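Engineer: sequence below, structure please.
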Amino acid sequence: MAKRLVDRPGLRRYTTDMRFLATLIIVVAMSAIGQAIDKPNIIVIMADDLGYGDIGCYGA
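Structural biologist: Next up, the predicted model:
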């Protein structure tokens, strides 16, 4: 009689590992979201005597 797919110990270990990995990813993502809310990233650039043609992408 053939073994059922769920009776294989390797599959149980794989499933357990995937559950652990998914939980770890969720916890890390939630902690990153919590930190991003506390510390906003704001950059203020002030320049005097700067014209429209003085700024370009790639330094051109």
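Engineer: and residue 11, how close does it get to residue 57?
Structural biologist: When CB to CB, to the nearest Å is the yardstick, residue 11 and residue 57 sit 52 Å from each other. Yep, even glycine has a C-beta here, placed from its N, CA and C like the rest.
Engineer: who's more crowded, the two?
Structural biologist: Counted by other CB atoms under 10 Å, residue 11 and residue 57 do not tie: residue 11 has more neighbours, with 12 against 5.
Engineer: where does the more buried one sit: helix, strand or coil?
Structural biologist: Here residue 11 is helix, with the state taken from DSSP: H, G, I helix; E, B strand; the rest coil.
Engineer: that one and residue 21: what is the separation?
Structural biologist: For residue 11, the distance to residue 21 under the criterion CB to CB works out to 15 Å.
Engineer: same thing with residue 28?
Structural biologist: To residue 21, residue 28 is 11 Å away according to CB to CB.
Engineer: could you do residue 13 as well?
Structural biologist: According to CB to CB, residue 13 and residue 21 sit 12 Å apart.
Engineer: between those two, what contacts are shared?
Structural biologist: Residues within reach of residue 13 and of residue 21 at once, by CB atoms under 8 Å, 6 or more residues apart in numbering: there are none.
Engineer: packing partners for whichever helix or strand residue 14 is part of?
Structural biologist: Assigned by DSSP states H and E, residue 14 belongs to helix 9-38. Contacts of helix 9-38 with other secondary structure elements, assessed using 3 or more CB pairs under 8 Å, 6 or more residues apart in numbering; DSSP states H and E, are absent: no helix or strand is involved.
Engineer: so that it lines up with my notes, have the first residue be 3 from now on.
Structural biologist: Fine by me, first position is 3 from now on; the one you just mentioned is helix 11-40.
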